[in-house]
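Asks: Predicted model follows, preceded by the sequence.
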Number of protein chains: 2
Amino acid sequence: MTLAGTSRPSAPRQLAAGVGNSNDQTRRHNLSTILTMLHHGGAQTRAQLTRRSGLNRSTIGALVTELADLGLAYETEPHDSGLVGRPSPIVHANEKVVAITVNPDVDAITIGVVGLGAELHKRIRFETASVPTVREAVNVVTAVVAGMQSELEAQFRVVGVGIAIPGLVNSNDGTVLLAPHLGWHDESVAGPMGDALGYPARAANDAGLATVAESLFGSGRGVSDLVYLNGSASGIGGGVLVGGSMLRGAEGFAGELGHTLVNSAGIRCHCGKVGCLETEVNLGRLLAVLGRDSLELDELDALLVPTDPAVTATPADQLTPDVRAEVDRQLDVLALAIGNFISVFNPESFVLGGFLGSLFAVNPERLRAAVKSVSFGTLGDSVRIDRAQLRSRLLTIGAAELAFAELLADPAGTSF
Amino acid sequence: MTLAGTSRPSAPRQLAAGVGNSNDQTRRHNLSTILTMLHHGGAQTRAQLTRRSGLNRSTIGALVTELADLGLAYETEPHDSGLVGRPSPIVHANEKVVAITVNPDVDAITIGVVGLGAELHKRIRFETASVPTVREAVNVVTAVVAGMQSELEAQFRVVGVGIAIPGLVNSNDGTVLLAPHLGWHDESVAGPMGDALGYPARAANDAGLATVAESLFGSGRGVSDLVYLNGSASGIGGGVLVGGSMLRGAEGFAGELGHTLVNSAGIRCHCGKVGCLETEVNLGRLLAVLGRDSLELDELDALLVPTDPAVTATPADQLTPDVRAEVDRQLDVLALAIGNFISVFNPESFVLGGFLGSLFAVNPERLRAAVKSVSFGTLGDSVRIDRAQLRSRLLTIGAAELAFAELLADPAGTSF
DNA sequence: TCCCTTTGTTGACCTTTGAAACATATACCG
DNA sequence: CGGTATATGTTTCAAAGGTCAACAAAGGGA
């Protein structure tokens, strides 16, 4: 029914299937499988799909035809592969099938249009005078989408809306339990947004979506067990990929990695605990030693990170001792947290985003060495640590994934 | 293909299916589903299987017949249910289909015979003069099994061997990376054991197996997101159930929950880190204030835990102030760790085993209150905390699950 | 140009499930 | 006590999916 089988260890891992019916269910699962392969793995030949799925040539032919009929995929002329044998046509996920993404922040709301294959068609950043309320966010998005309506109708097929929220979200019903920086508290977001736009909408925590995005299209490609840690002005968020799927927890609040203990003698965190990672590894403290009020990430990189890629660590003389000391302190604390996560998750790799990425880039070797020294036994030796790749596209692509989820699970389902 | 479907939310969650072929694969999956339901959910009527699986009456009939033909299930006369309609026969997993379980410890090796449905047929505790080596363990088990051979052949069908190891195990190949208390280091265990016994053998970490056992047959029944913490003389082990399946990690070493930070000013742990949970919450410290060298768990309970079940906390005058203070300190530290795990996993419940269970039973309300006060926001309010139920059967049943895994995944596969 | 390799296409075949009709066994009710 | 309603097992048959084998197509290599 799926791709991955005991007899075919190289095939990608797939999601669980649904209920009884063989006919319907089998086909649904295989359609889902193929479309997901195209979306996450990019365009590929029918022959590749055949090999990777473990399904029969004939079946792949039928499935691709059905996906094409559904308008979800299309085929193009074969490449000049140079190999013997009949050339195999290239199958593409239809990038005109799009998700609308919404990313509310304290000073702006970013709206995106993302196609299958993570194709970023369009992005609009709408600056707000003040921190938006839910109602304001809905209004802004409705207005922006209304402005694009004719273009959307003419060129695209919208399958849904994905909303990335910087806070605690119950992703089952799209309710925000608490988004401290937005001041949102116990509010339904996905419901009103979906009603206003006329498309099904889903909301989830931004760090979790970022994890998904990096794991599918960024530094974590091909990795099924990874921990993503993102540092922003508002704190440290994270997400955990376990066996290829997001760690959600009973209520969908798992992965609050910024709120784990790193210093018993630390200060009290806004979350109520003491010595949380996000109180110790903190952009504010970094800015303080840099003598700055605020900073864009690119500026931070320019200030801290060695420009010569051959140089792994910034020469000490480029940074003042204060800055150097603070960076090192934060790296060491971060290592402590990573050491904890290694004991707990034994992941294949860590991906660091936001200012954690900059911090890491200042001196990757210090962090790697520190992680080794504070890890359970030798577990820290084999773990990979990378900087996030997607940067500004991260949340937009992550949110799109949320909107695509239903389509990918059942491509022939309720017609979009 | 499975049980759980969007249209049938109450159906149990199932594992992912295998590769392409519909015919073979569909049947395999459904057989697996039904046998798993019988094994984990106990004997039930065909009508119940029909409802819970979402499959058709006819299909269930065929599947049950096939399982019966395979010798994995049998039917008995219907109960006098008192309901209208034709009575439905009761289907049982065949408890004569057994796993041999092995649980090596510092002073003894426990060997068990466990049938489907977690039926404990037999258990033998073989005391060893000294800490056994792998070779000695294999010899002991071989001898014990040889002694039971005629009985096994006459009454049972052995499908495999499950070995629970107190240490780091690569459960893919059954190799022990490190079992400090046994002094085992980088040794293959499942291989030699399986060869000696002539059955397929698998090995895994004991705490992980305990987690599985409690989640299926103990305090965690029906819970798909739980954290299990076990305290023994050798430290604190744990396991995490995520969405119904064990958190394994990239190399199978996830869940070393005893080695997460709880006190930055703590002592160095044997694992190389500082301030680990298992150095702070520790049976040795408890024994020290009790003035004892060693203690069986039952004795500990008798000393600490209120006998009257209506009393939630031991009256202060039953414990000396020293003991009381140490118990409270350990409970508070444990709460800190649980608070961390809540941030990370957002589980539905925690299950506490070993001396952690006793500690909890001394004063459940103190732990619950402390957890609330050190949890991320209100996440600590809804989490359930229970004491483990399976006690002495825990590891035997957990290890059996390991041996049953292959059979459950493909009941009609390679004939056992 | 001919052969080989690989892949798409087509139709026959096998397997599985589900649905319907029928059979069976119990409770309920007068 | 017998008829009716209800629920479930059983049997038969149709629908649907996938595989397989044979054939066709398209390119490389000699």
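Replies: Cool, the structure landed.
Asks: Now stretch A:117-132: buried residues?
Replies: A:G117, A:A118, A:E119, A:L120, A:K122, A:I124, A:T128, A:P132 (16 or more other CB atoms under 10 Å in any protein chain shown). From N, CA and C alone the C-beta is placed, and that goes for glycine too.
Asks: how much space between A:F350 and B:E278?
Replies: Remark: distance between A:F350 and B:E278 (CB to CB, to the nearest Å) = 24 Å.
Asks: higher neighbour count, the two?
Replies: A:F350 (27 against 24; other CB atoms under 10 Å in any protein chain shown).
Asks: Let's verify the more buried one: helix, strand, or coil?
Replies: strand (DSSP: H, G, I helix; E, B strand; the rest coil).
Asks: That one contacts A:D225, correct?
Replies: No - in this structure A:F350 lies outside contact range of A:D225 using CB atoms under 8 Å: 10.6 Å.
Asks: How about the helix ranked longest in chain A and chain B, any contact?
Replies: Longest among the helix segments of chain A by residue count, using DSSP state H, is helix A:321-345. Yes - against chain B, helix A:321-345 shows contacts by CB under 8 Å from any CB of the partner chain at A:L336, A:G339, A:N340, A:S343, A:V344, A:F345.
Asks: for the helix-or-strand element of chain A with minimal mean pLDDT, the distance to its chain's centre please.
Replies: Lowest by mean pLDDT, DSSP states H and E among the helices and strands of chain A is helix A:297-304, with a mean of 82. On the basis of CA atoms, centre = their mean, to the nearest Å, helix A:297-304 sits 23 Å off its chain's mean C-alpha point.
Asks: in that helix, what counts as buried?
Replies: So for helix A:297-304, counting by 16+ other CB under 10 Å, buried means A:L297, A:L300, A:D301, A:L303, A:L304.
Asks: which secondary structure elements does that helix contact?
Replies: helix A:355-362 (3 or more CB pairs under 8 Å, 6 or more residues apart in numbering or on different chains; DSSP states H and E).
Asks: Other residues contacting the helix it packs on?
Replies: A:229-232, A:236, A:281, A:283, A:286, A:297, A:300-301, A:304-306, A:313-314, A:327, A:330-331, A:334, A:352, A:367, A:385, A:387-388 (CB atoms under 8 Å, 6 or more residues apart in numbering or on different chains).
Asks: next one: stretch A:117-124
Replies: Defining contact as CB under 8 Å, 6+ apart, one finds that stretch A:117-124 is touched by A:38-39, A:42-43, A:92-93, A:95, A:98, A:110-115, A:144, A:148, A:156, A:213, A:216-217, A:393, A:396-397, A:400.
Asks: again with stretch A:199-208
Replies: With contact meaning CB under 8 Å, 6+ apart, stretch A:199-208 is reached by A:100, A:103, A:158-169, A:171, A:174-176, A:189-191, A:193-194, A:228, A:230, A:237-239, A:246, A:248, A:252-253, A:255, A:395, A:398-399, A:402-403, A:405-406.
Asks: Give me the sheet partners of the one helix or strand A:I124 maps to and which way each runs.
Replies: Assigned by DSSP states H and E, A:I124 belongs to strand A:119-127. Applying DSSP bridges, strand A:119-127 is found paired with strand A:108-115 (antiparallel).
Asks: Just the mean pLDDT for the strand it pairs with, thanks.
Replies: Computed over strand A:108-115, the mean pLDDT rounds to 97.
Asks: ok now it, how far from the chain's centre?
Replies: Using CA atoms, centre = their mean, the offset of strand A:108-115 from its chain centre is 14 Å.
Asks: could you dump it to CSV, C-alpha only?
Replies: Output in CSV follows, covering the C-alpha atoms of strand A:108-115 (Å, rounded to 0.1, in the frame of the first residue of the first chain):
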residue,chain,number,x,y,z
ALA,A,108,3.5,43.0,10.0
ILE,A,109,1.4,40.3,8.5
THR,A,110,3.0,38.3,5.7
ILE,A,111,0.8,36.6,3.1
GLY,A,112,2.1,34.2,0.6
VAL,A,113,1.0,32.1,-2.3
VAL,A,114,2.9,28.8,-2.4
GLY,A,115,2.5,26.1,-5.0
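Asks: Close to DNA strand D: what parts of chain A are there?
Replies: A:22-24, A:26-27, A:30, A:54-59, A:62-63, A:78, A:80, A:82-87 (CB under 7 Å from any atom of the strand).
Asks: Give me the buried subset of those residues.
Replies: Buried among these by 16+ other CB under 10 Å: A:S22, A:T26, A:R27, A:N30, A:G54, A:L55, A:T59, A:L63.
Asks: show me the contacts for the residue nearest to A:E251 when sequence neighbours are not counted.
Replies: Spatial nearest neighbour of A:E251, excluding adjacent residues (CB to CB, 6 or more residues apart in numbering or on different chains): B:N346 at 5.8 Å. By CB under 8 Å, 6+ apart, the residues touching B:N346 are A:R248, A:G249, A:A250, A:E251, A:G252, A:F253, A:A254, A:G255, A:E256, B:D225, B:L379.
Asks: Out of the residues you listed, which two sit at the greatest distance?
Replies: The largest distance within the contacts of B:N346, taken as CB to CB, falls between A:E256 and B:D225 and amounts to 14.5 Å.
Asks: more neighbours, the two?
Replies: A:E256 (29 against 22).
Asks: B:V281 versus that one, what's the distance?
Replies: Distance, A:E256 to B:V281, using CB to CB: 23 Å.
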